[in-house]
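**Q** I'll drop the sequence and a predicted model, then ask my questions.
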Amino acid sequence: MQSRTLLGAAALFVLAPKAQAFCRTMTEDEPATHDAVVDGCWAEGKPLYWKRDCVQYYVNRRASEQVALREAQKALSEAFGAWASAACKGGSASFRPIDMGPTDINRVEYRVGETNQNVIMFRDDRWPYGPEKADLLALTTITYVPETGRIVDADMEINTSAEIRMAVGDDVPVGEYDLLSVITHDSGHFLGLAHTEDPRAVMAPKLEAGTDSKRILTSDDVSGICAGFPANKVRVTGDGEIPALACNAPDDPKSSDAIRVGNGRNASCTLTPGSHGARPMFWFLLLGVLIGLRAGQQRWPRSLV
């Protein structure tokens, strides 16, 4: 088997929402020109899924100069908890998020045949993806098995470099970005969701500075997480429904021995300055410029990938 990573793409258009517009991330790469809002969900390949009934994650113990470790853990608990408590048919979404505590790991990686950690880390010193991607607020890298869509690893990087100011707490000052909104959106990617066609949803790819608009799941977000984690504890895969594996159950050893990390994409959130309704300047990374004015104040919306 081969595993790869993936980079989600989305558009910055504001169109009328569609019924059940949520999208799941697929094993096949989207073309650079694909736009979920205009073209609908990308449906090539198989949907990604977590096999176990728990999703474990670690937080790099250094956290950030902007965000203390305790604050990061609280925001992650709230974000993953929102997805886990989504009301599905017959009960809540069938996974348990588990904070495994702090870790010294501060890099995106998947090591075949070894114990791996799903790590959330902050990038204070520099955003490691070059100046052309400096406006990314966060980036989640998913490693999965292309033949099945099973996720075997996910790592989230949050941009806390000098160019980005993250707000922690209830109030979001003008010009800063709400950490909880960013993490709630990217934890959706972490769990296997792609950008939605509904511009009002958490999984829509845009966030304005000074707002907390991505903290609360919409009905579209709930439909999306329930499609991946239905309450009856099955996993809806490209090969049909399979029972979820218990968190502490032994895994099939062949499933990890056969995995090889290949080149691929990442599910990421780009939040870039721009003008409302404008096409992104770069389709694949969606680095557009959006400028919005409200009550005489300048806002800098950024798209969430």
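**A** Ah, there it is.

**Q** quick one: average pLDDT of the helix or strand that contains His185?
**A** Per DSSP states H and E, His185 falls inside helix 179-190. For helix 179-190, mean pLDDT rounds to 96.

**Q** so what does that helix touch, helix or strand wise?
**A** The contact analysis (3 or more C-beta pairs under 8 Å, 6 or more residues apart in numbering; DSSP states H and E) places helix 179-190 against helix 69-84, strand 136-144, strand 151-159, strand 166-167, strand 207-208, helix 219-228, strand 267-270. C-beta here means a position set from N, CA and C on the backbone, and glycine is covered the same way.

**Q** worst mean pLDDT among the ones you listed?
**A** strand 267-270 - the lowest mean pLDDT of those, at a mean of 51.

**Q** I'd say Gly192 and Met26 touch.
**A** No: assessed by C-beta atoms under 8 Å, Gly192 is found out of contact with Met26, at 9.7 Å.

**Q** and for those two, which residues touch both?
**A** Among the neighbours of Gly192, those also in contact with Met26 (C-beta atoms under 8 Å, 6 or more residues apart in numbering) are Pro47, Leu48.

**Q** between these two, which one's more packed in?
**A** Between Gly192 and Met26, Gly192 has the larger neighbour count (other C-beta atoms under 10 Å), namely 26 against 20.

**Q** what values do phi and psi take at that one?
**A** phi 110, psi 10 (degrees, to the nearest 10).

**Q** quick one: the residue lying closest to it once chain neighbours are set aside and Val37, what's the gap?
**A** Sequence neighbours aside, Leu48 is the residue nearest to Gly192 in space, at 4.3 Å (criterion: C-beta to C-beta, 6 or more residues apart in numbering). In this view, Leu48 and Val37 are 21 Å apart by C-beta to C-beta, to the nearest Å.

**Q** with neighbour numbers in mind, choose between those two.
**A** Neighbour count, other C-beta under 10 Å: between Leu48 and Val37, Leu48 has more, with 27 against 21.

**Q** surely that one meets Arg24?
**A** Yes: using C-beta under 8 Å, Leu48 is in contact with Arg24, at 6.8 Å.

**Q** quick check: neighbours shared by the two?
**A** When contacts are counted by C-beta under 8 Å, 6+ apart, Leu48 and Arg24 are jointly contacted by Gly192.

**Q** buried ones in stretch 26-38?
**A** Residues of stretch 26-38 classed as buried by neighbour count (16 or more other C-beta atoms under 10 Å): Met26, Thr27, Asp29, Glu30, His34, Asp35, Ala36, Val37.

**Q** now that stretch, how far from the centre of its chain.
**A** 16 Å (C-alpha atoms, centre = their mean, to the nearest Å).

**Q** mind checking the pLDDT average for that stretch?
**A** 80.

**Q** what's the straight distance from one end of that stretch to the other?
**A** 18 Å (C-alpha to C-alpha, to the nearest Å).

**Q** next one: stretch 44-60
**A** Across stretch 44-60, first to last residue, C-alpha to C-alpha, it's 34 Å.

**Q** and if you look at stretch 82-89?
**A** 16 Å.

**Q** how about the strands in the stretch 1-150 of the chain?
**A** Per DSSP state E, counting those that start in this stretch, the stretch 1-150 of the chain carries strands over the ranges 3-6, 54-60, 87-88, 91-92, 96-103, 119-123, 136-144.

**Q** what's the third one in contact with?
**A** What it means is strand 87-88. Against strand 87-88 from outside (C-beta under 8 Å, 6+ apart): Ser94, Val222, Ile225, Cys226, Phe229, Pro230, Ala231.

**Q** so which of these is the closest to Arg215?
**A** Nearest to Arg215 among those is Val222, at 14.2 Å by C-beta to C-beta.

**Q** pretty sure the closest one contacts Ala86?
**A** Yes: taking contacts as C-beta under 8 Å, Val222 lies within contact range of Ala86: 4.5 Å.

**Q** before we move on, the earlier item: between all of the contacts of strand 87-88, which two are separated the most?
**A** Going by C-beta to C-beta, the pair spanning these furthest: Ser94 and Val222, at 13.5 Å.

**Q** could you dump the strands of the stretch 1-150 of the chain to a markdown table with distance to Val67?
**A** Listed next are these as a markdown table, based on distance: least, C-beta to C-beta, whole Å:
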| stretch | distance to Val67 |
| --- | --- |
| strand 3-6 | 25 |
| strand 54-60 | 10 |
| strand 87-88 | 30 |
| strand 91-92 | 28 |
| strand 96-103 | 13 |
| strand 119-123 | 6 |
| strand 136-144 | 12 |
